[in-house]
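**Q** Model the structure of this input:
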Amino acid sequence: AEHTDFEGVKYDPEIGIFGMDVCVTLERKGYRIKRRKRAKTKVPRKHRITREEAMEFVKKEFNVEVIE
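**A** I've put the predicted structure just below:
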């Protein structure tokens, strides 16, 4: 499967190739404590996901290349 293959669309070389920018937010279970209405509290630092953990997860789970 090529990145230019879209169902029902023919590739037009005059257009060229477009990159796709994607922005996501990853969080572990339990982040509701930050957003709930009653008894809000901060998420502990050790429970937060680091940038490196997030990039490794996306690479492994979705088999994509992550460009920094």
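**Q** does residue 52 sit in a helix or strand, and which one?
**A** helix 51-62 (DSSP states H and E).
**Q** Any buried residues in that helix, and which?
**A** Residues of helix 51-62 classed as buried under the neighbour-count rule (16 or more other C-beta atoms under 10 Å) are residue 58. Where C-beta positions appear, they are placed from N, C-alpha and C, glycine not excepted.
**Q** and that helix, C-alpha only, in PDB?
**A** The C-alpha trace of helix 51-62 is given here as PDB (Å, rounded to 0.1, in the frame of the first residue of the first chain):
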ATOM      1  CA  ARG A  51       7.600  12.100  24.900                       C
ATOM      2  CA  GLU A  52       9.800   9.100  24.400                       C
ATOM      3  CA  GLU A  53       7.200   6.700  25.700                       C
ATOM      4  CA  ALA A  54       4.600   8.200  23.400                       C
ATOM      5  CA  MET A  55       6.800   8.000  20.300                       C
ATOM      6  CA  GLU A  56       7.700   4.400  21.100                       C
ATOM      7  CA  PHE A  57       4.100   3.400  21.600                       C
ATOM      8  CA  VAL A  58       3.000   5.000  18.300                       C
ATOM      9  CA  LYS A  59       5.900   3.300  16.400                       C
ATOM     10  CA  LYS A  60       5.100  -0.100  17.800                       C
ATOM     11  CA  GLU A  61       1.300   0.000  17.800                       C
ATOM     12  CA  PHE A  62       0.700   1.600  14.500                       C
END
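**Q** Touching it from outside, list them.
**A** Residues outside helix 51-62 that contact it (C-beta atoms under 8 Å, 6 or more residues apart in numbering): 24, 26, 49, 64-66, 68.
**Q** Out of those residues, name the ones that lie in helices.
**A** Using DSSP state H, no member of those falls in helices.
**Q** any chance of these in a markdown table, with distance to residue 12 too?
**A** What follows is these, written out as a markdown table (distance: C-beta to C-beta, whole Å):
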| residue | distance to residue 12 |
| --- | --- |
| 24 | 29 |
| 26 | 35 |
| 49 | 40 |
| 64 | 25 |
| 65 | 25 |
| 66 | 28 |
| 68 | 31 |
